[in-house]
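Trainee: return atomic coordinates for the entry below.
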Amino acid sequence: MPIPMRILSLGLSLGITLAAAQAAAQGRYEAWPSDDRRLGDLLDEVQGVVDEGRSARAAHPAFLGDLQEIIDRYRVPPRTVMLSDDFEDGELRADPAWQSRSGDFRVERGELRSTLQPRRSRQAPREEESAGDQGDPALRLLVGILGGIAQNQQPSEPAPEPESDATARRAVITSAATIENRFTLEFQLRSEGRSGETRMAVMQGESIESGYHLIYRAGAGDGASLQLIKYLRGRGYLVAEAGIGRNLDDGVPHLLRWSRDADGAMVVAVDDREWLTARDTSYRGRFTGMAIINDGGNFSYDDLEIYGLY
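Mentor: All right, here's what the predicted structure looks like:
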């Protein structure tokens, strides 16, 4: 087939592929059977014909230039997957293996779920109650005497029970993985509570108090809904925070994407809209694993992937 006809034929195939993929992404049609690899193969083939056309001068340079611009626009860089889990296998022991550190994580209907109620703290006395004893010295003396008698007669409080999954302050699950310093973390988050927070962390070493933590705070709205924290020698420092203008606590999945480049620039997007940007170079080496943390709330996680584009 002559080169111009091959270019036209491949260009038509490329146009149909891109249009169908875009329509599928917009939900107008059923899922397009192509994937990134098939599109990449087609782009490679069109690139070969364009290069041949330039060498043979078999097509107008302006036409070849326009076609080259389309190829460059849609070419996807090679993706190196470092950690991936869609939780469809219903278990957490392999491919990849997750380790439960504390609290409750489980797989239900193809999602990783964690429900954790914060333990109630004792309320401090109100100011008017604590100040009321100070008025009458005789009353204050009587209260002190009765309190001492009661303390001598009552047995000491028993030691607190070990924290169970239902009363634990935090639920933590980790997975070992080699994560390059330049990475993208994508996951679906579903929040069904109005309070609490969840964290996605990339760690160096075994401690979860290392590396970087991306925090979502349920119910924060215009407040600090998203936070990036770095841990140095076990102590957390705020890198950046942002309010996303709306809560994600509507019970439907939302796509979160956290990217970090080779210069330490980080971007966090929610449903493909960027909300938070920061730059930090405290960590320059590889990370050795990730953690999913529930600090009290009702959260579900799905379609988790950490990858690099090179």
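Trainee: so, low pLDDT: which residues of this protein?
Mentor: By pLDDT under 70, the low-scoring segments of the chain are 1-39, 76, 118-168, 310.
Trainee: can I see the domain layout of it?
Mentor: According to automatic domain parsing, the chain comprises the domains 3-76, 80-118+168-309.
Trainee: how far away from the center of its chain is the last one?
Mentor: Okay, so that is domain 80-118+168-309. How far domain 80-118+168-309 lies from its chain's middle: 4 Å, per CA atoms, centre = their mean, to the nearest Å.
Trainee: that one: end-to-end distance?
Mentor: With CA to CA, to the nearest Å as the measure, domain 80-118+168-309 spans 6 Å from end to end.
Trainee: now stretch 53-68
Mentor: Taking CA to CA as the measure, stretch 53-68 stretches 12 Å from start to finish.
Trainee: buried residues in that stretch?
Mentor: Across stretch 53-68, burial judged by 16 or more other CB atoms under 10 Å covers Gly53, Ala59, Leu64, Leu67. Backbone N, C-alpha and C define where each C-beta goes, glycine included.
Trainee: run through the helices of the chain in chain order.
Mentor: Remark: helices assigned in the chain by DSSP state H are 3-25, 36-56, 61-74, 127-132, 137-153.
Trainee: hmm, back to that, from the buried residues of stretch 53-68, pick the one nearest Thr115.
Mentor: Taking CB to CB as the measure, Thr115 sits nearest to Leu67 out of the buried residues of stretch 53-68, at 53.1 Å.
Trainee: that older thread, from the buried residues of stretch 53-68, which is closest to Met200?
Mentor: Nearest to Met200, judged by CB to CB, of the buried residues of stretch 53-68 is Leu67 at 40.5 Å.
Trainee: settle this for me: Pro253 is touching Leu189, isn't it.
Mentor: Yes - at 6.9 Å, Pro253 counts as touching Leu189 under the criterion of CB atoms under 8 Å.
Trainee: spit out the residues that contact the two alike.
Mentor: Common neighbours of Pro253 and Leu189, counting by CB atoms under 8 Å, 6 or more residues apart in numbering, are Ser300.
Trainee: ranking the domains of the chain by burial, who's on top?
Mentor: domain 80-118+168-309 (a mean of 17; mean count of other CB atoms under 10 Å).
Trainee: how much space separates Pro78 from Leu309?
Mentor: Pro78 sits 7 Å away from Leu309, going by CB to CB, to the nearest Å.
Trainee: wait, I meant Gly103
Mentor: Look at Gly103 and Leu309: by CB to CB, they are 33 Å apart.
Trainee: for Pro253, which non-adjacent residue is spatially closest?
Mentor: Among residues not flanking Pro253 along the chain, Gln188 sits closest, at 4.2 Å (CB to CB, 6 or more residues apart in numbering).
Trainee: pretty sure the one you found sits against Leu255.
Mentor: Yes - counting by CB under 8 Å, Leu255 is a contact partner of Gln188 at 6.0 Å.
Trainee: and the residue nearest to Pro253, how close does it get to Gly297?
Mentor: Counting by CB to CB, the gap from Gln188 to Gly297 is 16 Å.
Trainee: my read: Gly264 touches Lys230, true?
Mentor: No - taking CB under 8 Å as the definition, Gly264 is not a contact partner of Lys230, at 10.4 Å.
Trainee: what touches both of the two?
Mentor: Common neighbours of Gly264 and Lys230, using CB under 8 Å, 6+ apart, are Asp280.
Trainee: tell me who's in contact with Arg199.
Mentor: With contact set as CB under 8 Å, 6+ apart, Arg199 has these partners: His213, Leu214, Ile215, Tyr216, Ala291, Ile292, Ile293, Asp295.
Trainee: state the distance from Thr80 to Gly221.
Mentor: Going from Thr80 to Gly221 by CB to CB gives 36 Å.
Trainee: Tyr237 too?
Mentor: 24 Å.
Trainee: so Leu238 bridges to which residues?
Mentor: Ile229 (DSSP bridges).
Trainee: OK, contacts around it?
Mentor: Contact analysis of Leu238 by CB under 8 Å, 6+ apart lists Gln227, Leu228, Ile229.
Trainee: between those residues, which sits nearest Thr184?
Mentor: Closest approach to Thr184 among the contacts of Leu238 (CB to CB): Leu228, at 14.6 Å.
Trainee: quick one: the closest residue to that closest one other than its chain neighbours and Arg169, what's the gap?
Mentor: Using CB to CB, 6+ apart and skipping the chain neighbours, the partner closest in space to Leu228 is Val239 (4.1 Å). Distance of Val239 to Arg169, given as CB to CB: 24 Å.
Trainee: what does Gly245 give?
Mentor: 29 Å.
Trainee: could you do Asp85 as well?
Mentor: Distance from Asp85 to Arg169, counting by CB to CB: 25 Å.
Trainee: go on, Val267?
Mentor: 31 Å.
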